[in-house]
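>>> let's see this in three dimensions:
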Amino acid sequence: FPTRRSSDLAKAKWETTTSTNVGLDASFLNGKLDMSFDWYTRVTSDMLFPVEVQFTQGVATNPFQNIGEMQNKGVELSLNYNDKKGDFTYGIGMNFSTYRNTVLKTTGDPATQYFGFSNLRLPTGTVNVTQQGFPLASFFGYYIDGIFQTDKEGSEHAVQFGGGSMNKAGAFKYRDMNGDKIINAADRAIIGNPHPDFTYGINLTLGYKNFRMDLFGQGVQG
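Prediction:
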């Protein structure tokens with residue numbers, strides 16, 4: 001197999017991140033309750049991304065290239081309460097964080113798409129894409145509008161991947177995104193955000209003399 005040239009990789013340079021952060025730390029109830037709040041915005045320029053190249057250039061790992069600029073905006077909040085009653089101590093802590101990621105621009109026009117990893121054994125092929133105006137590495141694929149209940153329903157739908165068993169009862173009903181009555185790779189679209197809506201956690205502490213128990217939990221929404 002031919003090997004890929006490293007010229008594009010050699011042109012790559014370090015990313016640059018500019019950050020603005022506003023924070024507030026406060027204590028209440030004679031130090032029993034602590035609060036911490038942060039708001040931040042970070043803009044990353046010359047964003048590095050493993051750009052997919054043609055298979056004719058070989059099968060080596062895709063080289064990282066500088067493709068554009070992205071922004072992360074978010075908030076972080078934590079509350080901690082601790083108290084003591086004789087030999088008994090207890091505390092509870094909670095934290096919450098959320099951010100929004102957006103690709104501000106790329107080196108191409110707004111419609112330029114940079115594809116992520118692929119699995120050629122899957123019918124959907126590539127599963128994520130980076131594009132201006134959307135989150136980094138957005139989920140990419142087909143919309144599914146249910147399952148064909150009858151063969152007649154399948155035959156009346158757009159021809160899916162050549163037809164046959166793909167248009168019969170029991171098969172997925174893929175959405176015809178461009179309205180050409182044919183379901184193929186042109187009907188793939190951005191279908192989801194890989195970044196969570198928010199994350200959260202809780203910590204509980206119970207103590208008696210020299211004994212202590214800690215419980216903690218964490219979660220991710222969306």
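>>> right, and the helix or strand after the worst-scoring helix or strand of the chain on mean pLDDT?
Here the helix or strand of the chain ranked lowest by mean pLDDT, DSSP states H and E is helix 7-11, holding a mean of 54. On the C-terminal side of helix 7-11, the closest following helix or strand by DSSP states H and E is strand 16-28.
>>> quick one: buried residues of the helix or strand just after that following strand?
Sequence order places strand 33-45 as the next helix or strand after strand 16-28, per DSSP H and E. For strand 33-45, a neighbour-count test (16 or more other CB atoms under 10 Å) marks 34, 42, 43, 44 as buried. (C-beta placed from N, C-alpha, C; glycine too.)
>>> tabulate the residues you listed (TSV), appending distance to residue 199 and pLDDT.
Listed next are the buried residues of strand 33-45 as TSV, based on distance: CB to CB, whole Å; pLDDT from 0 to 100:
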residue	distance to residue 199	pLDDT
34	20	97
42	17	97
43	22	97
44	21	96
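>>> between those, which is nearest residue 157?
residue 44 (42.8 Å; CB to CB).
>>> what distance do you get for that closest one to residue 135?
Computed as CB to CB, to the nearest Å, the residue 44 to residue 135 distance reads 13 Å.
>>> now swap in residue 153 and tell me
35 Å.
>>> between those two, which one's more packed in?
Taking neighbours as other CB atoms under 10 Å, residue 153 and residue 135 compare with residue 135 leading, 20 against 15.
>>> of the buried residues of strand 33-45, just say which sits nearest to residue 19.
Using CB to CB, these come closest to residue 19 at residue 42, 4.5 Å.
>>> now that closest one: how far from residue 220?
20 Å.
>>> point out where the chain drops to low pLDDT.
Counting by pLDDT under 70, the chain contains low-confidence ranges at 1-10, 53-60, 117-126.
>>> number of residues surrounding residue 154?
For residue 154, using other CB under 10 Å, the count is 21.
>>> next: residue 63.
So residue 63, with other CB under 10 Å, has 21 neighbours.
>>> and it, how far from residue 80?
Counting by CB to CB, the gap from residue 63 to residue 80 is 46 Å.
>>> residue 112 and residue 44: what is the separation?
Counting by CB to CB, the gap from residue 112 to residue 44 is 18 Å.
>>> buried sites along stretch 67-79?
Applying 16+ other CB under 10 Å to stretch 67-79 flags 67, 68, 69, 70, 71, 72, 76, 77, 78 as buried.
>>> sorry, that was for stretch 186-206
187, 188, 190, 191, 193, 195, 199, 203, 205.
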